[in-house]
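Chemist: got a sequence here, can you build the structure:
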Amino acid sequence: MNFSWSKEQLELKKKAIEFSETHLNQDVSEKDRGNIFPLEEWKKCAEFGVLGWPFSKSYGGSGFDPLTTVLMLEGLGYGCKDNGLPFSLNSQLWSTQMAINAFGTEDQKNKYLKKLISGTIGAFGITEEGSGSDTYALEMTADKVEGGYILTGEKHYITLAPICEIAVVFATTNAKLGKWGITAFIVDNTMEGFTVSEVRDKVGMRTTPMGNLYFKNCFVPDENRLGREGSGLSLFSSAMESERGYIFASQIGRMEKQLELSIDYANNRQSFGQSIGKNQSISNRIANMRLRLETSKMHLYKVAYLDHSDLPLMKEAAMAKLYISEAFVESSLDFIRIFGAKGVVTEYEVERDLRDGLGGLIYSGTSDIQRNIIAKLDGLL
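Modeler: Model prediction:
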């Protein structure tokens, strides 16, 4: 594996940093306090091409390979103070859009993928009130009728749900088959019986709306079934490999920014007649932040390399999700400790990273679930 970057790739990352620093940092603290989704910034990201980076030009994308894409997403996270916006972009990219790209018909791609790449907001709904880690214990049903299906049920804790216009959702079409009887559908907000909740308040990622999707006798035509009937398990597994492997690409950029800010502060903050960076307790924290950053990059790049090479990546994606999510929390704690009192006062925009990082231990499969996946693939479970 060669993780050296070409001149062109580094220039693309630089452009992503310049774009995010220039266009994505308006009133971040105010939006965080108010649970406000940065819609204008989202539109600017779509115009810049973020939502199309890994997709074919025939659907309005850029056609970048996985390694180039994750490097640019790093740049986006490095320059953007708001972790929520890059997370929202990554969530839509790697789950909703990738599912349609991988399993959709040409008509579905032309109708829905193009819209999503251009900035239409999409959600990916499988989680229910009683099926979180037990992913396939779904109560939502899809009953076959003439010309389509009737969807009945609810999806909970769904990223972008309150503002989505399109959603990929999973329902049981044959309960006797268990997880093999799950089917995916593309629904949009013009379909009668499909509604969404208000934004649910949460500890971090407050600019990323989270909420519920509701289906009450919602008719979905046959042409909106995604993949074959009963193929929901394969579709979900494929989408989760992408999401788990890549969803923290932008957070790695933020970890790099944390490190630079910490080094600068440690060199300039004086205490007991010397810079605090001369204290081993501070320098060791910064060394640990560097180690986590570089190790996180290796996990991310390996997933992208395997993806680009069409090699299996389930275990590596689980390892990337597990390590990077926990590394971001640990580095965010060190970030606060290095800045001392400023680290816990909201106006300095240090503590927000820790709040934003906590959810990463849960969504896209908890850390415990990732460990189970790794252990199972190693022949232990």
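Chemist: going by C-alpha atoms from here, please, whenever you check contacts or count neighbours.
Modeler: OK.
Chemist: give me the three-state assignment for the residue lying closest to Val196 once chain neighbours are set aside.
Modeler: Using CA to CA, 6 or more residues apart in numbering and skipping residues adjacent in sequence, the residue nearest Val196 is Leu213, 4.7 Å away. What DSSP: H, G, I helix; E, B strand; the rest coil gives for Leu213 is strand.
Chemist: give me the number of residues near Leu213?
Modeler: 25 (other CA atoms under 10 Å).
Chemist: so what pairs up with it in the strands?
Modeler: As for beta bridges, Leu213 partners with Lys155, Val196 under DSSP bridges.
Chemist: my guess is it meets His156, correct?
Modeler: Yes: assessed by CA atoms under 8 Å, Leu213 is found in contact with His156 at 6.6 Å.
Chemist: and the residue nearest to Val196, what does it touch?
Modeler: The contact partners of Leu213, taken as CA atoms under 8 Å, 6 or more residues apart in numbering, are Gly125, Glu154, Lys155, His156, Ile158, Ala161, Pro162, Phe194, Thr195, Val196, Ser197.
Chemist: shared neighbours of Leu213 and His156, anything?
Modeler: Gly125.
Chemist: and Ser271, what are its bridge partners?
Modeler: So, taking DSSP bridges as the rule, Ser271 has Gln274 as bridge partners.
Chemist: what is the burial count for it?
Modeler: Using other CA under 10 Å: Ser271 sits among 11 other residues.
Chemist: same check on the one 3 residues further on?
Modeler: Neighbour count for Gln274, taken as other CA under 10 Å: 12.
Chemist: how far away is it from Asn267?
Modeler: According to CA to CA, to the nearest Å, Gln274 and Asn267 sit 9 Å apart.
Chemist: got it, and Asn90?
Modeler: 34 Å.
Chemist: higher neighbour count, the two?
Modeler: A count of neighbours by other CA under 10 Å puts Asn90 above the other of Asn90 and Asn267, at 23 against 13.
Chemist: separation between the more buried one and Leu377?
Modeler: 26 Å.
Chemist: got the domain boundaries for this protein?
Modeler: 7-121, 123-235, 241-377 (automatic domain parsing).
Chemist: so which of those domains gets nearest Met1?
Modeler: domain 241-377 (7.2 Å; CA to CA).
Chemist: can you say which of the contacts of Leu213 are buried?
Modeler: Gly125, Glu154, Lys155, His156, Ile158, Ala161, Pro162, Phe194, Thr195, Val196 (16 or more other CA atoms under 10 Å).
Chemist: show me what contacts the third one?
Modeler: For Lys155, the contacting residues are Gly125, Ile126, Thr127, Glu128, Glu129, Asn212, Leu213, Tyr214, by CA under 8 Å, 6+ apart.
Chemist: now the first one: closest residue in space that isn't a chain neighbour?
Modeler: What sits nearest to Gly125 in space, not counting adjacent residues and going by CA to CA, 6+ apart, is Val169, at 4.6 Å.
Chemist: mind listing residues that contact the helix or strand harbouring that neighbour?
Modeler: Per DSSP states H and E, Val169 falls inside strand 166-172. Under the contact criterion CA under 8 Å, 6+ apart, strand 166-172 has outside partners 96, 112, 120-126, 138-142, 151, 181-189, 232.
Chemist: Provide the secondary structure category for Met289.
Modeler: helix.
Chemist: tell me how many other residues crowd the closest residue to Thr366 other than its chain neighbours.
Modeler: The shortest distance from Thr366 to any non-neighbouring residue, by CA to CA, 6+ apart, is to Ser133 (7.4 Å). Counted with other CA under 10 Å, the neighbours of Ser133 add up to 16.
Chemist: so Ser133 sits right up against Gln370, yeah?
Modeler: No: counting by CA under 8 Å, Ser133 does not reach Gln370; the two are 10.3 Å apart.
Chemist: good, we can wrap up now.
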